[in-house]
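Colleague: mind looking at a prediction? Sequence and model below.
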Amino acid sequence: MDTKNKDKEKFIEDMFNKGILINKDIFEKELDETTIDKIEHEGDLIVLNNDYLEVISQQKSLVDWYEIDKYRVNSEKERNDDLYQAQLQNFKKSNLILNSPSISQEQEIISAESEIKNSKEGNIQENVSFSSSSDYSYFSSSNHYSSNIIDSLENDSTESLSSTSTETINKFTSPNKVEIVLSYQNKPYKYNIKDFTQIFTSRYRFLESLLRNRQELQNTMTINRILSKKEKEKIALIGLIENISETKNGNTILTMEDPTGKIKVLLSNSKSELYKQGKDLVLDEVIGISGVSSDKFVFAEEIVWPDIPSNNLLKKSYKEEYAIFLSDIHVGSSLFMKEEFDKFLQWINGNTGNEKQRLISEKVKYIIIAGDLVDGIGIYPTQIEELEIKDIVMQYDEFCRLIRKIPSDKEIILCPGNHDAIHLAEPQTSFDDKFAPGLFKIPNVTLVTNPSIINIGKTNNFEGFNILIYHGYSFDYYVNNVESIRNGGGYHRADLVMKCLLKRRHLAPSFQSTPYFPAHKEDPLLIKKIPDFFISGHIHYSKVANYKNVTMISGSCWQEKTSFQEKLGHEPEPARVPIVNLKTREVSILRFK
């Protein structure tokens, strides 16, 4: 082993001083200087063995060792090395594919991104709009022009509150004409196991009621009845996925349960489409299965999700006005993009852009910010080194100073994210006046919970648009665990994550994908009401798509890449603002960098 004058013992001692335990099996192969340098830059590495060494040698970016260590510990608990090796291979595959430019190019949504010029004239690129003829669509080009053609800045049932129920459906209209349709309050008390089972039971009952209306599941039986059958028979079942495993022959085995029992369901790899769908299944989600029962086993023929109905209508306003969507402002970070955010403020005040672009800024009536208003304190290791404002109250004071510059005729809706001064467990309550008193003093600001549903644009003749706002903390889990998302662009494809959640009618179907606040009679993360818009943030990469006439929009960010994001291989795309013409439902991306 050539360690440039470091012998093995010295190398082990140096790594130990860095907090890394060395397994001597790594010395079976020669370590070159490049690999040694990579090891020394892996700040979160705790143990180094041959498996980890192989991961390091293949990666182009730093590695999330917490995730790999979780796999290793779980496999040791289960005494299942095959599972660990399979997860390790998936991790390698995930990271390598994420760095492949050809994949992201193939999956890129076609959108017009142009810059706003600080002049009376400007180059106007093609309009972009959605086609409602198919269930899922990206932007489609339109050869006609209208006043929403823009894209970048260059100069570019009602329930009362109780100690156990905290969902509120607010029927009042706020002074700024934004109706809060669904919001939450979390009332703490001493929780027990029944609180968690109540969440799962309510989730199962609601999703079961949706699935029972599906034609494919008309002959649904309970699992207990299926287990009692002696002969082969065509059946359908609805259940929650307790476990997912794989046979030696590569078939997928689901353990599914309902209130009456558990049963094994086989997804054969000889049925390519079914097998492919099975790779996207996650723990705890509720699905329907049609297939054949045989000897206390089910051979699946079709998977059915709760999903959005195909006949969901695309609503349009009678009035030409606009809504814009931001997220992840991260005020207080030394990486906060002050210049770009100031360009945004100049545009929204009509002080920059060509004539058409200034006209649009006048017609913007709603500004929705989906969480992470500030960078917070102690959110990730070494964050303190990247903070310009190290006091949480002062961070919110600065955020308030900035948004007070937005004209008062624009209604601003704010929800919290994981960087805000709110508990992590979801649903997250609205902001606390102890930390952010200024937010409560701005008359055109509406504060909502995460998640929440608001209604905008309502008139005497139009019911308005229902907007589901969810910051997106659960997105990390689905990027890493749903194969089609992982291989289809990962963190660059928020639209795939949002489609996945809409199909499941739940914002975090896997219990481990986000912390839960258990004090609710009904699962608060269910998507019971079908929204017109589904708005998110969190992953710092803007994306827009349409799924069954639900417009899915992920906000961008206003922060340069952090050291933590670099370690995880994230590539943010900051300073983009999706803007929607509510009369036509056409969407463009406004670019400020």
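Modeller: Alright, I've got the coordinates. Not measured: the values here are computed from a predicted model.
Colleague: need the residues that contact the helix or strand harbouring K276.
Modeller: Using DSSP states H and E, K276 sits in helix 272-278. For helix 272-278, contacts defined as Cβ atoms under 8 Å, 6 or more residues apart in numbering pick out 251-252, 254, 267-269, 300-303, 484. Using the backbone N, CA and C atoms, a C-beta is placed for each residue, glycine as well.
Colleague: what residues of the helix or strand just after that helix count as buried?
Modeller: Downstream of helix 272-278, the first helix or strand assigned by DSSP H and E is strand 286-293. The neighbour-count check on strand 286-293 (16 or more other Cβ atoms under 10 Å) flags 286-291, 293 as buried.
Colleague: would you list those in CSV and tack on pLDDT?
Modeller: Converted to CSV, the buried residues of strand 286-293 look like this (pLDDT from 0 to 100):
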residue, pLDDT
V286, 98
I287, 98
G288, 98
I289, 97
S290, 96
G291, 95
S293, 93
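Colleague: which of those lies closest to S513?
Modeller: V286 (14.6 Å; Cβ to Cβ).
Colleague: nearest residue to that closest one in space, please, no chain neighbours.
Modeller: L207 (4.0 Å; Cβ to Cβ, 6 or more residues apart in numbering).
Colleague: now do the SS call for the one you found.
Modeller: Secondary structure assignment for L207 (DSSP: H, G, I helix; E, B strand; the rest coil): helix.
Colleague: one step back: now, of the contacts of helix 272-278, which are buried?
Modeller: Burial of the contacts of helix 272-278 was assessed by neighbour count (16+ other Cβ under 10 Å); the buried members are 251-252, 254, 267-269, 300-301, 303.
Colleague: closest to I20 among these?
Modeller: When those are compared against I20 (criterion: Cβ to Cβ), the nearest one is T252, at 36.5 Å.
Colleague: ok, the closest one touching K271?
Modeller: No - at 10.5 Å, T252 and K271 do not qualify as touching, with contact defined as Cβ atoms under 8 Å.
Colleague: what would the buried residues of strand 286-293 look like in CSV with distance to Y189?
Modeller: What follows is those, written out as CSV (distance: Cβ to Cβ, whole Å):
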residue, distance to Y189
V286, 27
I287, 33
G288, 35
I289, 38
S290, 42
G291, 43
S293, 43
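Colleague: can you give the domain ranges for the chain?
Modeller: Domains of the chain are assigned by automatic domain parsing as 8-99, 100-190+313-593, 215-304.
Colleague: looking at those, which is buried most?
Modeller: Of all the domains of the chain, domain 100-190+313-593 has the most neighbours on average by mean count of other Cβ atoms under 10 Å, namely a mean of 20.
Colleague: distance from it to the middle of the chain?
Modeller: Distance of domain 100-190+313-593 from its chain centroid, counting by Cα atoms, centre = their mean, to the nearest Å, is 11 Å.
Colleague: swap in stretch 255-275?
Modeller: 27 Å.
Colleague: so which of the contacts of helix 272-278 sit within helices?
Modeller: Members of the contacts of helix 272-278 lying in helices (criterion: DSSP state H): S484.
Colleague: the contacts of helix 272-278: which two are farthest apart?
Modeller: Farthest pair in the contacts of helix 272-278, by Cβ to Cβ: E301 and S484, 20.4 Å.
Colleague: distance of the spatially closest residue to R214 that is not a sequence neighbour relative to E216?
Modeller: Spatial nearest neighbour of R214, excluding adjacent residues (Cβ to Cβ, 6+ apart): V304 at 5.5 Å. Distance from V304 to E216, counting by Cβ to Cβ, to the nearest Å: 5 Å.
Colleague: touching both of those two, which residues are there?
Modeller: 288, 290.
Colleague: nearest spatial neighbour of the residue nearest the centre of the chain, chain-adjacent residues omitted?
Modeller: In the chain, the residue lying closest to the centroid (Cα atoms, centre = their mean) is F475, at 3.1 Å. Leaving aside its chain neighbours, F475 sits nearest to V497 (4.9 Å; criterion: Cβ to Cβ, 6+ apart).
Colleague: what's the helix or strand for the nearest residue to A323 once chain neighbours are set aside?
Modeller: Leaving aside its sequence neighbours, A323 sits nearest to Y366 (Cβ to Cβ, 6+ apart; 4.0 Å). Y366 belongs to strand 364-370 when assigned by DSSP H and E.
Colleague: for the record, mean pLDDT for that strand?
Modeller: Averaged across strand 364-370, the pLDDT comes to 97.
Colleague: may I have the strands that pair with that strand, each with its orientation?
Modeller: Note on strand 364-370: by DSSP bridges, its sheet partners are strand 322-326 (parallel), strand 411-415 (parallel).
Colleague: right, and these - which one's nearest P578?
Modeller: Nearest to P578, of the strands paired with strand 364-370 and by Cβ to Cβ, is strand 322-326 at 4.9 Å.
Colleague: show me the contact partners of the next helix or strand after that closest one.
Modeller: Later in the chain than strand 322-326, the nearest helix or strand by DSSP H and E is helix 338-348. Here helix 338-348 makes contact (Cβ under 8 Å, 6+ apart) with 116, 153, 155-156, 329, 352-353, 357, 361, 364, 367, 402, 405-407, 410, 558, 574-575, 577, 590, 592-593.
Colleague: quick check: end-to-end length of stretch 468-486?
Modeller: 24 Å (Cα to Cα, to the nearest Å).
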